[in-house]
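K.L.:
Quick one, structure for this:
(chains A and B)
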Number of protein chains: 2
Amino acid sequence: MNGPSVIDGVVITELRQISDSRGAVLHMLRLGSPGFVGFGECYFSEVAPGAVKAWKRHQRQTQNLAVPVGRLRLVVYDDRSESPTFGSLQVLELGRPDAYLRVTIPPRLWYGFAAIGASAALVANCADQPHDPLESEARAVTDLAIPYVWLDTPAGLAK
Amino acid sequence: MNGPSVIDGVVITELRQISDSRGAVLHMLRLGSPGFVGFGECYFSEVAPGAVKAWKRHQRQTQNLAVPVGRLRLVVYDDRSESPTFGSLQVLELGRPDAYLRVTIPPRLWYGFAAIGASAALVANCADQPHDPLESEARAVTDLAIPYVWLDTPAGLAK
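P.N.:
I've put the predicted structure just below:
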């Protein structure tokens, strides 16, 4: 389902899940991991079933996303005019146990996500810089400048 | 239910939950947060309903724990002979929305946790050093050297 990265600078890394009858230990990010460029802030974003959180772009901050709970569609779009993958869009599906991945999104890419399936998803983000509202931009989920339609998640679009 | 920290060096910090109909944004840790001493590794520990993960002690690593999903009992015990709170034990209950806290546990304290309630809990840990099996010790969940009995979680004890 998930192919390799098609966008310059996006790094997709399979994460370890160490199972145990008491519950798994799930790797996320460590010093020196592929895609690690520093620690600024770690936070979680809960996504209600069917809800969409899109679109967002950061000028300087690098995101490291993983989904320890639930199922998420993640879409990344490259409109960096100088990029070798300018115009590319990648759709990923993240969740355990088959797609427990860390996706590193460098600055200046648009991204958004939706919870798919019947329960909420939890996205963890370990970013390389603390949150700064001045370095991020948003676009409406329906913005036609980004060639992706979140059609199949009406609950999210209605909100 | 949760009082202030009774163990020297343990820091309990209330975390922000920014609610939204699409799902909340949940703070965890940032550069300069109370208790932040560096970034080494972030990982998750899933805890099955009734399961107990105890006891663990680190020689050098500082833990920063929060529970974005489910409900957790966390027990910390101080047997550091030179500590002003030597012999103290603290029982905390962590989970949203009423007890979304970050608990910073400095090195050399014993700790363990159990999922309480009907569903699994997810513990996030942002530690100041990457995992190193040589700097941690374990004791059996039933070890009498630690004055706490996980009696009310028989499912965990049976495993």
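K.L.:
The spatially closest residue to A:D98 that is not a sequence neighbour and B:E93, how far apart?
P.N.:
In this structure, A:D98 finds its nearest non-sequential neighbour in A:M1, 8.0 Å apart by CB to CB, 6 or more residues apart in numbering or on different chains. Just so you know, the C-beta spots here come from the backbone N, C-alpha and C atoms, and that holds for glycine as well. The gap separating A:M1 from B:E93 is 39 Å, by CB to CB, to the nearest Å.
K.L.:
and those two? which has more neighbours close in?
P.N.:
Neighbour totals were compared for A:M1 and B:E93, and B:E93 leads with 15 against 7 (other CB atoms under 10 Å in any protein chain shown).
K.L.:
hey, what's that one bridged with?
P.N.:
Per DSSP bridges, the residues bridged to B:E93 are B:R73.
K.L.:
My read is that it contacts B:R71, right?
P.N.:
Yes: the criterion here is CB atoms under 8 Å, and B:E93 meets it with B:R71 at 6.9 Å.
K.L.:
that older thread, how about the contacts made by the residue nearest to A:D98?
P.N.:
A:E93, A:D98, A:A99 (CB atoms under 8 Å, 6 or more residues apart in numbering or on different chains).
K.L.:
The second one - how many residues pack around it?
P.N.:
Just to be clear, that refers to A:D98. For A:D98, the neighbour count with other CB under 10 Å is 10.
K.L.:
Now do it against A:N2, distance only.
P.N.:
Separation of A:D98 from A:N2 (CB to CB) stands at 9 Å.
K.L.:
and A:V91, how many neighbours does it have?
P.N.:
A:V91: 14 neighbours (other CB under 10 Å).
K.L.:
Repeat that for A:L26.
P.N.:
When counting by other CB under 10 Å, one arrives at 23 neighbours for A:L26.
K.L.:
Tell me how far stretch A:126-145 lies from the chain's centre.
P.N.:
12 Å (CA atoms, centre = their mean, to the nearest Å).
K.L.:
Go through it and flag the buried ones.
P.N.:
A:C126, A:A127, A:D128, A:Q129, A:H131, A:V141 (16 or more other CB atoms under 10 Å in any protein chain shown).
K.L.:
Get me the contact residues on chain A for chain B.
P.N.:
A:21-32, A:39-48, A:51-53, A:68-69, A:115, A:120, A:122, A:124, A:126, A:130-131, A:156, A:159 (CB under 8 Å from any CB of the partner chain).
K.L.:
same thing but 6 Å
P.N.:
Neighbours of chain B within chain A, by CB under 6 Å from any CB of the partner chain: A:21-31, A:39-48, A:51, A:53, A:68-69, A:126, A:130, A:159.
K.L.:
for chain A, which spans come out with low pLDDT?
P.N.:
Chain A contains residues with pLDDT under 70 at A:152-159.
K.L.:
residue farthest from the centroid of it?
P.N.:
Ranking residues of chain A by C-alpha distance from their mean position (CA atoms, centre = their mean) puts A:S21 at the top, at 29.0 Å.
K.L.:
so that one, which of the three states?
P.N.:
Under DSSP: H, G, I helix; E, B strand; the rest coil, A:S21 falls in the coil class.
K.L.:
tally of neighbours for A:G117?
P.N.:
Here the number of neighbours of A:G117 (other CB under 10 Å) works out to 13.
K.L.:
same check, this time on the one 5 residues further on
P.N.:
Under the neighbour criterion other CB under 10 Å, A:L122 is assigned a count of 23.
K.L.:
do the same with A:S81
P.N.:
Neighbourhood size, A:S81 [other CB under 10 Å]: 7.
K.L.:
Bridged to A:I105, which residues?
P.N.:
A:Q63.
K.L.:
Against chain B, how distant is it?
P.N.:
A:I105 sits 17 Å away from chain B, going by CB to the nearest CB, to the nearest Å.
K.L.:
Quick one: residues contacting that residue.
P.N.:
A:I105 makes contacts with A:V10, A:Q63, A:Y111, as judged by CB atoms under 6 Å, 6 or more residues apart in numbering or on different chains.
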